[in-house]
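K.L.:
what's the 3D shape of this:
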Amino acid sequence: MTEPSRGPLRIVLAEDSMLLREGLVRLFDEAGFETVAAYGEADSLLAALDETRPDLAVLDVRMPPTFRDEGVRAAIELRRRMPSVGVLLLSQYVEGTYAHELLSSGEGGMGYLLKDRVASLDELEDAVERVSEGGTVLDPQVVRELLSRRSDPLASLTPREREVMELMAEGRTNAGIAKQLFIGVGAVEKNVTSIFQKLGLEDSGTDHRRVLAVLTWLQR
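P.N.:
Numbering: from 1, shown residues only. Now for the predicted structure:
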């Protein structure tokens, strides 16, 4: 019995540049993909996931409102909700910390390309297909950035963990950090525990891990 043929690849897109967003939609359409939704920021993409049910999400890294890491955080949350959905990040920048956070699970269906280094439309189309099939596509500059960070334990800290680490170095308590970052004390405790783990600071019962973590941070 012949299995029914699968429909076109369903793509959701988040890109704050209207011209680039519309250009990508047209490119995907010409390639035989179906762009089921296109947004100017990441929150709307996440809010509509149950409705759009994509096979692949293509996201810029820096988008409104802060233009820091909205795209990659949305990608991480998307994979948490829908692990089978492929993620392709398109950025003008090599965000090594963000890439490490997204790729650290070791799962496939991930891609990170630099906009200025995509040599042809065929290359982008190929990347979309490979990621949707569970492959990993990384720009060589992203690879170099990741490799350069492997020997530096601080490089594996997420942006939030780095904020917590900076405030720890200022001598703030968990409650003080929570107040400064407008988050709960429990969230701070989780970040601090993650920092200890990433820095290899096991609870020996004698060494003060908080002090050792701050020393590592100050010696960077």
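K.L.:
what about the helices in this protein?
P.N.:
18-30, 42-47, 49-52, 70-81, 96-103, 121-132, 140-149, 159-169, 174-181, 185-198, 209-218 (DSSP state H).
K.L.:
Quick one, which of those helices gets closest to Val36.
P.N.:
Comparison of the helices of the chain against Val36 by CB to CB identifies helix 49-52 as nearest, at 4.8 Å. (Glycine included, C-beta is placed from N, CA and C.)
K.L.:
re earlier: what would the helices of the chain look like in JSON lines with mean neighbour count?
P.N.:
Shown next, in JSON lines, are the helices of the chain (neighbours: other CB atoms under 10 Å):
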{"stretch": "helix 18-30", "mean neighbour count": "14"}
{"stretch": "helix 42-47", "mean neighbour count": "18"}
{"stretch": "helix 49-52", "mean neighbour count": "12"}
{"stretch": "helix 70-81", "mean neighbour count": "20"}
{"stretch": "helix 96-103", "mean neighbour count": "20"}
{"stretch": "helix 121-132", "mean neighbour count": "18"}
{"stretch": "helix 140-149", "mean neighbour count": "15"}
{"stretch": "helix 159-169", "mean neighbour count": "18"}
{"stretch": "helix 174-181", "mean neighbour count": "16"}
{"stretch": "helix 185-198", "mean neighbour count": "16"}
{"stretch": "helix 209-218", "mean neighbour count": "15"}
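K.L.:
Pipe those into a markdown table and attach mean pLDDT per row.
P.N.:
Formatted as a markdown table, these follow (pLDDT from 0 to 100):
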| stretch | mean pLDDT |
| --- | --- |
| helix 18-30 | 94 |
| helix 42-47 | 95 |
| helix 49-52 | 94 |
| helix 70-81 | 89 |
| helix 96-103 | 67 |
| helix 121-132 | 91 |
| helix 140-149 | 69 |
| helix 159-169 | 91 |
| helix 174-181 | 92 |
| helix 185-198 | 91 |
| helix 209-218 | 82 |
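K.L.:
I'd like those helices laid out as a markdown table, including distance to Gly111.
P.N.:
Shown next, in a markdown table, are the helices of the chain (distance: least, CB to CB, whole Å):
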| stretch | distance to Gly111 |
| --- | --- |
| helix 18-30 | 14 |
| helix 42-47 | 16 |
| helix 49-52 | 19 |
| helix 70-81 | 10 |
| helix 96-103 | 10 |
| helix 121-132 | 4 |
| helix 140-149 | 10 |
| helix 159-169 | 21 |
| helix 174-181 | 31 |
| helix 185-198 | 25 |
| helix 209-218 | 32 |
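K.L.:
out of those helices, nearest to Leu59?
P.N.:
Comparing those by CB to CB, helix 70-81 comes nearest, at 4.1 Å.
K.L.:
mind exporting the closest one as PDB, just the C-alpha atoms?
P.N.:
Only the C-alpha atoms of helix 70-81 are listed here, as PDB (Å, rounded to 0.1, in the frame of the first residue of the first chain):
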ATOM      1  CA  GLU A  70      14.700  37.100  21.800                       C
ATOM      2  CA  GLY A  71      15.000  34.800  18.900                       C
ATOM      3  CA  VAL A  72      17.200  32.200  20.500                       C
ATOM      4  CA  ARG A  73      15.200  32.200  23.700                       C
ATOM      5  CA  ALA A  74      12.100  31.700  21.600                       C
ATOM      6  CA  ALA A  75      13.900  28.800  19.800                       C
ATOM      7  CA  ILE A  76      14.800  27.200  23.100                       C
ATOM      8  CA  GLU A  77      11.200  27.500  24.400                       C
ATOM      9  CA  LEU A  78       9.800  26.200  21.100                       C
ATOM     10  CA  ARG A  79      12.000  23.100  21.300                       C
ATOM     11  CA  ARG A  80      10.900  22.600  24.800                       C
ATOM     12  CA  ARG A  81       7.300  22.500  23.800                       C
END
